[in-house]
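[1] Prediction below, plus the sequence it came from.
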Amino acid sequence: MSAFHMQKSEREIQDAEVLEEILAHGRYAVIALCRNNDPYLVTLSYGYDSGRRALYFHTAHKGLKMEYIQANPSACATVIEDRGYIMGECAHAYRSVVCRGILRAVGGIEEKKYGIEVLLRHLEKDPEVVRKRSLASDRDYARATILRLDITEITGKAGQ
């Protein structure tokens, strides 16, 4: 049960299949992080693994995002399905999902391979093209930094 309530409960998406569909078709997530009461947002493309209920991200090994995650792995991410602005109504059609959970860099080459495969299958029409070009050896996987957001809570909302 969420600690938060939806202001307009008629817009809440409660159907788990619909929430899964939005995550399965989305391409990027906006991730909210916080350290020392200082918020930070970052937008990343992702791969969704419904079996593990996790989002996978590829990222740089160093940088502000990694510093925030190290300081506080609690994260909140949103995926928005934009269905367009409705002219003359001052309204927007959309569906969105908010995921809360723990965001961590994965360790070990096998989990990195798994995470990259989730990303490629989610984002690429032909994952083999990227595998051949960028993932020729275990060394390529070892150099990659893969993040996994283990989802502990998920809510959804739809407009129009």
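    Now that the structure is in, tell me what you want to look at.

[2] what's downstream of the longest helix that the chain contains, the next helix or strand?
    Ranked by residue count under DSSP state H, the longest helix found in the chain is helix 109-123. Using DSSP states H and E, the helix or strand that directly follows helix 109-123 along the chain is helix 127-134.

[3] who does that next one touch, helix- and strand-wise?
    In terms of contacts (3 or more Cβ pairs under 8 Å, 6 or more residues apart in numbering; DSSP states H and E), helix 127-134 is packed against helix 109-123. All C-beta spots, glycine's among them, are computed from the backbone N, C-alpha and C.

[4] Which strands or helices does the helix it packs on pack on?
    Contacts defined by 3+ Cβ pairs under 8 Å, 6+ apart place helix 109-123 against strand 47-49, strand 54-59, helix 127-134, helix 138-143, strand 145-159.

[5] got those as a markdown table, with distance to residue 109 and mean neighbour count columns?
    Below are those laid out as a markdown table (distance: least, Cβ to Cβ, whole Å; neighbours: other Cβ atoms under 10 Å):
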| stretch | distance to residue 109 | mean neighbour count |
| --- | --- | --- |
| strand 47-49 | 17 | 22 |
| strand 54-59 | 15 | 22 |
| helix 127-134 | 15 | 12 |
| helix 138-143 | 5 | 13 |
| strand 145-159 | 10 | 18 |
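
[6] I'd like to know which of those lies nearest to residue 69.
    Taking Cβ to Cβ, strand 145-159 is the member of those nearest to residue 69, at 7.3 Å.

[7] Strand partners (parallel or antiparallel) of the closest one?
    If you go by DSSP bridges, strand 145-159 pairs up with strand 12-13 (antiparallel), strand 54-59 (antiparallel), strand 91-105 (antiparallel).

[8] Pull out the buried positions in the next helix or strand after the first one.
    Going back to what we said before, that points to strand 12-13. For strand 12-13, the following helix or strand on the C-terminal side (DSSP H and E) is helix 16-25. Neighbour-count burial for helix 16-25 flags 19-23 (criterion: 16 or more other Cβ atoms under 10 Å).

[9] Brilliant, that's me finished.
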